[in-house]
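[1] The following block contains a protein sequence and its predicted model.
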Amino acid sequence: MDLAMKPEDVAFRDEVRAFLKENLTDDLKAHARLTPGILADQDLRVEWLKRLNKRGWAAPSWPKEYGGAGWNVMQRFIWSSECAAAGAPVSSNMGLSMVGPTLMGHGTDEQKAYYLPRILNGEDWWCQGYSEPGSGSDLASLQCRATSDGDDYIINGTKLWTTGAHQSNKMFCLVRTDPNAAKKQEGISFILIDDFQAEGIKVDPIITLAGDHEVNQVFFDDVRVPKKNRVGAENNGWTVAKYLLEFERGGAAHGANLRNALNKLRVIAGTEHGSDGTKLIDDPSFRRKVDETDVQVTAVEFTE
């Protein structure tokens, strides 16, 4: 495998660097430095997304026909590497990484035409309604119920550990539409809850031991959702959820951040001194650990 950049890759890298220099504001960089994981400031998250979307770069892996950048693997690798080096915010948009690709694979033309542009421009921010009390690792045992009522479903139940529910206006949700199915996986449907501020929806914060508010418990009390918001056939939600899982678990790219962190470590080790007065990078034992880590990071880059 050859990771060396071709001339067109170098040109693309320079284009990315110019964009980041122009659009990565001090506020965005400062907040990103203070946020090791998901960017916490919702206004800044939306601002960064809008800047990316204006350039057509909001969704690097989406096809161009759906408003994505349509980049190849090397371009996405360069983008991730340059963003990490520049200190850009980490993407944490479930609409971009999960809902969008799922709609491309299983959604109706109407759903794609409505939701995909709104995801790209930051109008909609999605959360995931999967886990429930007693239905975490055994997700197929979920009990949140969607009862048929004409053209609508009436949803009752609760979802737990819902990341970002307090900052979201929409939810993609697994609900039980057939409690009598022979296999529990066969009685589940995949539903888009459009109005997350609707009557009957209650979001209770869950504060972690670190004092952070990132996850929540969401309660549904006779919440009415149109059946046109179902993705895929009724009782076929498990298939849709498995398709989404390809993007939820397979779309992460950590090599760029690891490489950037290792580069910073080398710089620090070239100036800091050990107990014997020599620079850390000149200590054979320390340098060996750095080199071993370099091999591991390179393996991650090749895998990605």
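    Structure's in. What do you need?
[2] What about the closest residue to residue 53 other than its chain neighbours, how many residues nearby?
    Excluding the flanking residues, the one nearest residue 53 by Cβ to Cβ, 6 or more residues apart in numbering is residue 120, at 5.0 Å. Backbone N, C-alpha and C define where each C-beta goes, glycine included. Residue 120 has 24 neighbours, counted by other Cβ atoms under 10 Å.
[3] mind listing what residue 120 touches?
    Going by Cβ atoms under 8 Å, 6 or more residues apart in numbering, residue 120 touches 49, 53, 58-59, 67, 96.
[4] how about a cut-off of 6 Å?
    For residue 120, the contacting residues are 53, 58, 67, by Cβ atoms under 6 Å, 6 or more residues apart in numbering.
[5] ok, residue 280 touching residue 269?
    Yes. Judged on Cβ atoms under 6 Å, residue 280 makes contact with residue 269 at a distance of 4.1 Å.
[6] Does residue 189 lie in a helix or a strand, and which?
    Taking DSSP states H and E as the definition, one finds residue 189 inside strand 188-193.
[7] List the buried residues of whichever helix or strand comes after that strand.
    Once strand 188-193 ends, the next helix or strand along the chain (criterion: DSSP H and E) is strand 201-207. Within strand 201-207, the residues that qualify as buried are 201, 203, counting by 16 or more other Cβ atoms under 10 Å.
[8] How far off centre is strand 201-207?
    With Cα atoms, centre = their mean, to the nearest Å as the basis, strand 201-207 stands 21 Å off its chain's centre.
[9] the strands in this structure, which residues?
    In the chain, the strands defined using DSSP state E lie at 126-129, 145-149, 152-159, 170-176, 188-193, 201-207, 213-226, 230-231.
[10] closest to residue 137 out of these?
    strand 170-176 (14.4 Å; Cβ to Cβ).
[11] now the angle from that closest one to strand 201-207?
    Per axes from the mean of the first three to the mean of the last three Cα atoms, to 10 degrees, the angle that strand 170-176 makes with strand 201-207 is 100 degrees.
[12] Can you name the residues in contact with strand 170-176?
    99, 124, 126-127, 129-130, 142, 144-146, 155, 187-189, 191-193, 196, 237, 241.
[13] ChimeraX command to pick out the buried ones of those?
    Buried members of those can be picked out in ChimeraX with the line below, counting by 16+ other Cβ under 10 Å:
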select :99,124,126,127,129,130,142,144,146,155,187,188,189,191,192,193,196,237,241
